[in-house]
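[1] Structure, please.
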Amino acid sequence: MGFIKPEDLERYCNTNAALLKGPLNGVVVEFPGLGGNSCLGGVMDFAVYDNTYTRRFAEKGILSVYTFPGPWSWGNAASVRIADMILDAVFEKYGVTDVPVVACGGSMGGLGALIFCADSKHSISACASACPCYDVPGCFEKRGDFSRTILSAVAGYGETIEEALKRISPAHRIADMPDIPYRIVCDGADEIFDADGMKRYAEELDAKTGGKVTFVYLEGLCHGGFSAEEREAFHVFIEENCAIER
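    Reported below is the predicted structural model:
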């Protein structure tokens, strides 16, 4: 039984389906940041996902899906399962099984996108991750809202909390990551996640995937910052790895 049905997709995510042009050529699965922030402009209120980026995707037949796994999800098992069920419903609705799927997100959502690549039952084509929380144990006590929200995300796991934190930590899951293209954006003055540590993580992932990681260092920008040039490049990376010709 599919709990997320094609006709009920809007209960579980916001999409740009109303803007879509032509057949479905690809899907962007976006994971929210802590509290519902978005690197592409998504919101957790029910709405058509309509902005500059999602309209451009729609023109190329790319469905933008802003998932609702909960504002404290931190890439946990529930967020992966919900996104997988959303994809099942999308594929059923459009009658496809072979279109590219790109995972994306920023901050907590950047972590979610990376973990989804490792744990999804679907084959993910590429991942765009902006200023991700790459080391969950290392940042557990970085801010007060981190410790309580991360604990909430993994407290139900049937293992120690230490083990559970590593399960949702990209730095501890490198061996499980698929060999697909990654774009990892690092804010050079990130006050939350250490830029040097993020660079080391990207280098390790690049080595594991055989050179498939593009690491972008944005000098002087604080957490969540994008230059205009990188905002465009981030979008183009998703677009190039998502659309197929039919």
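
[2] Figure out the helix or strand that Asp102 lives in.
    That one is not Asp; residue 102 is Val. strand 101-106 (DSSP states H and E).

[3] Could you list the residues in contact with that strand?
    By Cβ atoms under 8 Å, 6 or more residues apart in numbering, the surrounding residues in contact with strand 101-106 are 26-33, 37-40, 87, 111-114, 116-117, 120, 122-132, 224, 238, 241-242. In this view, the C-beta of every residue, glycine as well, is placed from N, C-alpha and C.

[4] Can I take it that Tyr66 is in a helix?
    No: read with DSSP: H, G, I helix; E, B strand; the rest coil, Tyr66 is strand and lies in no helix.

[5] what number of residues lie near Tyr180?
    Quick fix: residue 180 is Ile, not Tyr. Counted with other Cβ atoms under 10 Å, residues neighbouring Ile180 total 17.

[6] got it, and the one 10 residues further on?
    By other Cβ under 10 Å, 19 other residues sit near Asp190.

[7] Please could you give me each C-alpha atom of stretch 231-246, formatted as PDB?
    Extracted as PDB, the C-alpha positions of stretch 231-246 are listed here (Å, rounded to 0.1, in the frame of the first residue of the first chain):
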ATOM      1  CA  ARG A 231      23.700  30.700  -7.100                       C
ATOM      2  CA  GLU A 232      23.600  30.500 -10.900                       C
ATOM      3  CA  ALA A 233      26.200  27.700 -11.000                       C
ATOM      4  CA  PHE A 234      24.400  25.800  -8.300                       C
ATOM      5  CA  HIS A 235      21.200  25.900 -10.400                       C
ATOM      6  CA  VAL A 236      23.000  25.000 -13.600                       C
ATOM      7  CA  PHE A 237      24.700  22.000 -11.900                       C
ATOM      8  CA  ILE A 238      21.300  20.600 -10.900                       C
ATOM      9  CA  GLU A 239      19.800  21.300 -14.300                       C
ATOM     10  CA  GLU A 240      22.600  19.700 -16.200                       C
ATOM     11  CA  ASN A 241      22.500  16.500 -14.100                       C
ATOM     12  CA  CYS A 242      18.700  16.300 -14.000                       C
ATOM     13  CA  ALA A 243      17.300  16.900 -17.500                       C
ATOM     14  CA  ILE A 244      17.200  14.200 -20.100                       C
ATOM     15  CA  GLU A 245      16.200  14.500 -23.800                       C
ATOM     16  CA  ARG A 246      13.100  12.600 -24.900                       C
END
